[in-house]
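Asks: I would like the atomic coordinates for the input below:
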Amino acid sequence: MMITVNPGSQETESRLLRIKEQFSINSEGSVRVEFWLSETVGIPKLLKVDLESNKLEIVKEALFVREVTVLYNYQVYRFPLKNYVYPHNPIRGNPTVAKMGCPPHFLVREGIGTLKHHEREEFLIKAREEDLKTLQSMVQWVDPKKVEGTLLYPGHLAIEKYDKLPRFLQFRESRLDTYLSLKFLGVKQAEKNAVKNILQKVVGQYHEERFTSFDHYKLHLIENAKVMNWSKIELHEALSVIEVWEEDEECGRQILLGPHAIKLTKVKTLDGRWRQGLSKLADHHLEGKTPDQALQGGLLYEVTTDTLIGIKHGGRQSLKLTGTKQTWYVTLADCLVYQRSDNKVVPVLIRLENRVDEEPETWWVPPPPGSSKDDPEYLQWLLAKMYFRGSDLNRYSLCAHFCRAHAVGEVFGVAAYRNLPNAHPILRLLQPHIQGIIPVNVHARVIFQAPEDGGFSMFIGVGDQTREVFENYFKEFCYEELLFPRSIEVREVQDVPGYYHRDDMLASWKIIEAYVNEMVDLTYATSEDVLKDEEIQNFAREIAEHGFGRFEKKAGFPRSISNKEKLCEYLTAIVFNFSFYHASVNFQTFKYSFPPNTPTCMLKPPPAQDEVITMDRILDSLPVGELAFLSYNVAYNLAQYSPIERFFLEDPAEDKLGIIGENMAVAPEQEACIRRMVEGMRQLKQKIDDRNSKLKFRYDLLSPSNVPITTQT
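Replies: Just a heads-up that it's a prediction; the model follows:
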């Protein structure tokens, strides 16, 4: 390794310092060296970090450097790098452009970082400009001409293949190995199933893998969990849900605490969507109240799936996957939810509509109290809940998860890398949170968004029209949606009992908000500093113009940031959505993936009004074995933490590392802010633990020790 102190300064630049000690490529550690420097060098403000290979090396590997620490005159100066340095051939000389996915060298600023308009020395200004120029050559937005005229989608990185990414945007190798092993194990099993189907058809012994009961589905899950060696704890949690999934109280609990807990909204009027079906409600459904009385009492809520309007039926890959051609019916399904006097939230009315086939809407209500499980009215209601849960799952998977958590997040990552140099304090704030989003999205676009055989089309009912669903969602998406406290107010769900998702999200938002405010105060003395910061203004401008430039009114994203308060709000939203929001929609999918509970696709159209429903009709509507396996496998893989994941709180018992140590904000005052934030998270965890001790089903999804600081799964 070669280091130059204060490079570019005519007065204080040091000589080239060659570090000849060996560095380990595959393990973490440190190397300590000593040099005598001329006293004219003075305080180290900037380092140039370079790496030179052995002349005889044929295969070269990049070296990951976390930071360089300089002890000068008994004073510690820390230079955070967190990047890969590629060894160049000494015979050919030091490259001047990016090579092998790495910059030619790194110019690293000390300590807390600085704003460009605060710099007073020319060599420091030139260094940050060179840093940005290099990064902008490596991190580029997709060409607008390539997306012009296509369906609505945010701007993203131009690079389409993972192995073409700059090295610092790729996963660390251990993360990649685990990602690929999980992915290919499931794919291998799916391919095995498909080949088996083909061979059985050839010899005339093929039988579609259909189920004869809900217990048969349960046994299928258990057997596949053993084959795939899935976690016994996670399987146990899934089996606990299976024991109660048919109950209305459990359906209501999943609306509040399941993967799609952000959709519940207070009903403001019964006209329009609900009026026609209200006649189906009996006295026992609303505890003797009329619908209007329940509405006036603020007891009615709804979950709707309007994003699926205009989406055609799926099943294009069904023949390849299952051996038979199937239609996967896309149903518009809305649920009216009632808050009972015992503070339980339960579904009371479901509207189903097969608009693709121009069938009339139908209405379904719970059976009378005491109905047996083989009563046709019980089975009608059970099937209606399946169509609703399946449609909600389809919307959640593509919109709440992929669009909101991933596609939107990548915009922030690309803009940050392109506009905030190493020296910028806000990059040092954001870096731990943005580091995983680009590589996971590049993988996801290849796997899930392929035009003909994308991953979603293998098991999701709407998967054949993934991009159309995206466009429906993004037509309504706006910046305000990222502000979780505001979404609670807009949806008017402040007072819903048992809504622990809301409680934990609001509590974590406040902690992150306080942390961001402190970090911004360290960086900007006044709002005028924010206005003068051309780098943060360019960051905001690129988000609006390149990220959401094709959206109406740029989806409400500001082209500039006018004051500290707005900057704090913006940064809080970014950090929160990379961490707590993503965790809320990602890490409990397997628990609820039992196909009768959340079917990924339905093989029969929704029932006609008052159709007599039998168990055979229900089982014929649900996914067959091959599709059930795919839904388990995807849900399980999504729910796994990365082996190099960092969390807001460490947990040695589960081998989880915390946020401390995984950041570029290394100045003492910045680390003090981080430690105060961590203490706030520790107190939140204790409150969640105390609450969970009284619950039948623990809700610790958003406990800070379970929330990764970034999005990389």
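Asks: pLDDT score for the closest residue to Gly111 other than its chain neighbours?
Replies: Spatially, and ignoring its direct neighbours in sequence, Gly111 is nearest to Ala667 (4.6 Å; C-beta to C-beta, 6 or more residues apart in numbering). For glycine as for every other residue, the C-beta is placed from the backbone atoms N, C-alpha and C. For Ala667, the pLDDT comes out at 93.
Asks: number of nearby residues for Ala667?
Replies: Ala667 has 17 neighbours, counted by other C-beta atoms under 10 Å.
Asks: mind listing what it touches?
Replies: Contact partners of Ala667, counting by C-beta atoms under 8 Å, 6 or more residues apart in numbering, are Arg78, Gly111, Ile112, Gly113.
Asks: go on, Ala238?
Replies: By C-beta under 8 Å, 6+ apart, the neighbours of Ala238 are Leu221, Phe590, Lys591, Tyr592, Ser593, Phe594.
Asks: where does pLDDT dip in the stretch 201-350 of the chain?
Replies: Applying pLDDT under 70 to the stretch 201-350 of the chain flags the ranges 201-208.
Asks: CSV for the contacts of Ala667, including pLDDT, distance to Asp292 and neighbour count?
Replies: Listed next are the contacts of Ala667 as CSV, based on pLDDT from 0 to 100; distance: C-beta to C-beta, whole Å; neighbours: other C-beta atoms under 10 Å:
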residue, pLDDT, distance to Asp292, neighbour count
Arg78, 93, 65, 17
Gly111, 89, 64, 21
Ile112, 93, 60, 18
Gly113, 94, 59, 25
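Asks: on that earlier part again, in helices, which of the contacts of Ala238 appear?
Replies: Of the contacts of Ala238, the ones assigned to helices by DSSP state H are Leu221.
Asks: reformat the contacts of Ala667 as JSON lines; add secondary structure and distance to Ile536.
Replies: Shown next, in JSON lines, are the contacts of Ala667 (DSSP: H, G, I helix; E, B strand; the rest coil; distance: C-beta to C-beta, whole Å):
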{"residue": "Arg78", "secondary structure": "strand", "distance to Ile536": "23"}
{"residue": "Gly111", "secondary structure": "coil", "distance to Ile536": "19"}
{"residue": "Ile112", "secondary structure": "coil", "distance to Ile536": "16"}
{"residue": "Gly113", "secondary structure": "coil", "distance to Ile536": "12"}
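Asks: pull the most distant pair out of the residues you listed.
Replies: Distance extremes for the contacts of Ala667: the farthest pair is Arg78 and Gly113 at 11.0 Å, using C-beta to C-beta.
Asks: isn't Ser371 right up against Tyr378?
Replies: Yes - contact between Ser371 and Tyr378 holds when scored by C-beta atoms under 8 Å: they sit 4.6 Å apart.
Asks: mind listing the strands for the chain?
Replies: 2-5, 17-18, 46-50, 63-72, 75-85, 106-109, 265-266, 300-303, 332-339, 345-353, 362-364, 646-647, 657-658 (DSSP state E).
Asks: any chance of TSV for these, columns distance to Thr614?
Replies: Compiled in TSV, the strands of the chain are given as follows (distance: least, C-beta to C-beta, whole Å):
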stretch	distance to Thr614
strand 2-5	76
strand 17-18	80
strand 46-50	71
strand 63-72	60
strand 75-85	60
strand 106-109	68
strand 265-266	34
strand 300-303	27
strand 332-339	21
strand 345-353	18
strand 362-364	16
strand 646-647	48
strand 657-658	53
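Asks: of these, give the one that comes closest to Pro432.
Replies: Shortest distance between Pro432 and the strands of the chain, using C-beta to C-beta, is found for strand 646-647: 6.8 Å.
Asks: run through who's touching the closest one.
Replies: Contacts of strand 646-647 (C-beta under 8 Å, 6+ apart): 432, 656-659, 662, 704-710.
Asks: list only buried entries from those.
Replies: Pro432, Lys656, Gly658, Ile659, Glu662, Pro704, Ser705, Asn706, Val707, Pro708, Ile709, Thr710 (16 or more other C-beta atoms under 10 Å).
Asks: quick one: low-confidence parts of the stretch 51-200 of the chain?
Replies: Residues of the stretch 51-200 of the chain meeting the criterion pLDDT under 70: 54-60, 90-96, 99-100, 148, 172-200.
Asks: hmm, try it at 50
Replies: The model of the stretch 51-200 of the chain has pLDDT under 50 over residues 175, 179, 194-195, 198-199.
Asks: so where do the helices sit in it?
Replies: Using DSSP state H, counting those that start in this stretch, the helices found in the stretch 51-200 of the chain span residues 122-138, 144-147, 173-202.
Asks: over to the stretch 301-450 of the chain?
Replies: So, for the stretch 301-450 of the chain - with DSSP H, counting those that start in this stretch - the helices run 318-322, 376-395, 408-419, 425-434, 437-448.
Asks: from the contact counts, what lies against the shortest one?
Replies: Using 3 or more C-beta pairs under 8 Å, 6 or more residues apart in numbering; DSSP states H and E, the elements in contact with helix 318-322 are helix 173-202, helix 625-638.
Asks: what are the bridge partners for Val337, then?
Replies: On the basis of DSSP bridges, Val337 is bridged to Tyr301, Pro347.
Asks: right, and it touches Val346 too?
Replies: Yes - applying C-beta under 8 Å, one finds Val337 in contact with Val346, separated by 6.9 Å.
Asks: of all the helices of the stretch 301-450 of the chain, which lies closest to Gly625?
Replies: Ranking these by their distance to Gly625 (criterion: C-beta to C-beta) puts helix 318-322 first, at 8.1 Å.
Asks: would you mark the buried spots in the closest one?
Replies: Across helix 318-322, burial judged by 16+ other C-beta under 10 Å covers Ser318, Leu321, Thr322.
Asks: right, and the second one touches Glu626 too?
Replies: Yes - Leu321 lies in contact with Glu626 (C-beta under 8 Å); the separation is 5.3 Å.
Asks: among the strands of the chain, which is nearest Gly277?
Replies: With C-beta to C-beta as the criterion, Gly277 lies closest to strand 362-364 of the strands of the chain, at 3.6 Å.
Asks: contacts for the closest one?
Replies: Applying C-beta under 8 Å, 6+ apart, the contact partners of strand 362-364 are 276-277, 280, 349-353, 380-381, 384, 606-609.
Asks: quick one on the thing from earlier: least confident of the buried ones among the contacts of strand 646-647?
Replies: Glu662 (81).
Asks: and that residue, how far is that from His216?
Replies: Glu662 sits 45 Å away from His216 when distances are taken as C-beta to C-beta, to the nearest Å.
Asks: so what's Val70 up against?
Replies: Here Val70 is in contact with Val5, Pro44, Leu47, Val76, Tyr77, Arg78, Phe79, Glu110 (C-beta under 8 Å, 6+ apart).
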